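Peer 1: sequence-free structure coming up:
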């Protein structure tokens, strides 16, 4: 398909937005000039607030936020915003309602995503249930949350749902891992008819290994909910480089087939956004840009991306869908 690419979806006229600055001509993603939008200490218990998910809700915005408290315990908090920039986050953690006490017995929870599918806001997160796996739950009002079965066996991280069923099935991206701070990782796709039993696992793509230095040579993982476009599913993900100073997390982009999303049409070789600002380079984990959520306005093609910065605060960045897709295609391998 040629010509201008557009978003398939709803209008979001109040999407948080800032036009591309004049000195950003060579970039297809640019930062909000008042970053970070969520500081590390927005609520009294917090040591850091990052890697969180925001969605449109009732004319404004709501979300689920990773809060590491001052004992350094990781958990999930609900929050809301009128403009997508100024947030109110609950000081208390989310108390999931669950029919099975065994599944509710989680040690810690972090890195949530939120995805609206069939009228429910599904929450997926990294859930420590005898090892890290993908926790699954849902809410309809961001007040009451229901927990479902974990999607996979340990160990797995970065569970990301697609925003609609494909061929009658829920579809989820994930990154199998291990017990530690995984020094490897490839992205897989899984399908389910009932959000309980997951299978039909397919390899999507992996890190660029083979002894060649790359911004994603160590591991990759899915980021925000994939965005449906006229070119295919626009996927923003994170890639990791192991440098002499530790891990460096940057954003990448790919286009997946619309009907068979385990098939990659284009994968951009350069990164889209890398840690370069002070708030991305200095924090609890230096040198991190970790995308977790994206808002879209279909008529204008605007995309607003929320990302964790240095595992400490939350940043906001912007893109135009046609420009972003064109860049990914022109720089694909």
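Peer 2: Thanks, I have the structure now. From a predicted model like this one, the values you see are computed outputs, not experimental measurements.
Peer 1: what are the boundaries of the helices in the stretch 151-300 of the chain?
Peer 2: If DSSP state H, counting those that start in this stretch is used as the criterion, the helices of the stretch 151-300 of the chain fall at 278-281.
Peer 1: low-confidence stretches in it?
Peer 2: By pLDDT under 70, the weakly predicted segments of the stretch 151-300 of the chain are 210-212.
Peer 1: can you pull out the strands in it?
Peer 2: Using DSSP state E, counting those that start in this stretch, the strands of the stretch 151-300 of the chain run over 156-161, 170-176, 187-192, 199-205, 219-222, 227-228, 233-243, 246-256, 264-267, 289-297.
Peer 1: state the distance from the nearest residue in space to residue 239 that is not next to it in sequence to residue 325.
Peer 2: Distances taken as C-beta to C-beta, 6 or more residues apart in numbering place residue 216 nearest to residue 239, at 2.6 Å, with adjacent residues excluded. C-beta coordinates here come from the backbone N, C-alpha and C atoms, glycine included. Spatial separation of residue 216 from residue 325 under the definition C-beta to C-beta, to the nearest Å is 19 Å.
Peer 1: of those two, which one has the most company?
Peer 2: residue 325 (28 against 25; other C-beta atoms under 10 Å).
Peer 1: leaving out chain neighbours, which residue sits closest to the more buried one?
Peer 2: With sequence-adjacent residues excluded and distances taken as C-beta to C-beta, 6+ apart, residue 325 is closest to residue 5, at 4.5 Å.
Peer 1: what does residue 4 give?
Peer 2: Spatial nearest neighbour of residue 4, chain neighbours left out: residue 322 (4.9 Å); criterion: C-beta to C-beta, 6+ apart.
Peer 1: isn't that neighbour right up against residue 302?
Peer 2: No - using C-beta atoms under 8 Å, residue 322 makes no contact with residue 302, being 10.7 Å away.
Peer 1: ok, those two, which is more surrounded?
Peer 2: Set side by side, residue 322 and residue 302 show more neighbours around residue 302, with 20 against 17, by other C-beta under 10 Å.
Peer 1: and that one, what are its bridge partners?
Peer 2: residue 297, residue 320 (DSSP bridges).
Peer 1: list the contacts of the spatially most central residue of the chain.
Peer 2: Nearest to the mean C-alpha position of the chain, counting by C-alpha atoms, centre = their mean, stands residue 292 at 2.2 Å. Contacts here follow C-beta atoms under 8 Å, 6 or more residues apart in numbering; on that basis residue 292 touches 51-53, 111-113, 223-224, 306-308.
Peer 1: ok, now with 7 Å
Peer 2: Shown here is residue 292, whose contacts under the criterion C-beta atoms under 7 Å, 6 or more residues apart in numbering are 51-53, 111, 113, 223-224, 306-308.
Peer 1: do residue 24 as well
Peer 2: residue 30.
Peer 1: give me every residue that touches residue 228.
Peer 2: Here residue 228 is in contact with 8-9, 163 (criterion: C-beta under 7 Å, 6+ apart).
Peer 1: show me the contacts for residue 78.
Peer 2: 64, 90, 94, 142.
Peer 1: ok, then the element right after the helix or strand hosting it?
Peer 2: Counting by DSSP states H and E, the element that carries residue 78 is strand 74-81. Following strand 74-81 in sequence order, the next helix or strand is strand 87-89 (DSSP H and E).
Peer 1: and the contacts of the very next helix or strand once past that next one?
Peer 2: From strand 87-89 onward toward the C-terminus, using DSSP H and E, the following helix or strand is helix 101-104. The contact list for helix 101-104, computed with C-beta under 7 Å, 6+ apart, reads 96, 98, 147, 149-150.
Peer 1: got the residues you listed as CSV, with distance to residue 242 and neighbour count columns?
Peer 2: Shown next, in CSV, are the contacts of helix 101-104 (distance: C-beta to C-beta, whole Å; neighbours: other C-beta atoms under 10 Å):
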residue, distance to residue 242, neighbour count
96, 35, 20
98, 38, 17
147, 35, 21
149, 34, 17
150, 29, 20
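Peer 1: as JSON lines, the residues you listed with distance to residue 18 and pLDDT would be great.
Peer 2: Converted to JSON lines, the contacts of helix 101-104 look like this (distance: C-beta to C-beta, whole Å; pLDDT from 0 to 100):
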{"residue": "96", "distance to residue 18": "35", "pLDDT": "97"}
{"residue": "98", "distance to residue 18": "40", "pLDDT": "96"}
{"residue": "147", "distance to residue 18": "37", "pLDDT": "98"}
{"residue": "149", "distance to residue 18": "41", "pLDDT": "97"}
{"residue": "150", "distance to residue 18": "38", "pLDDT": "97"}
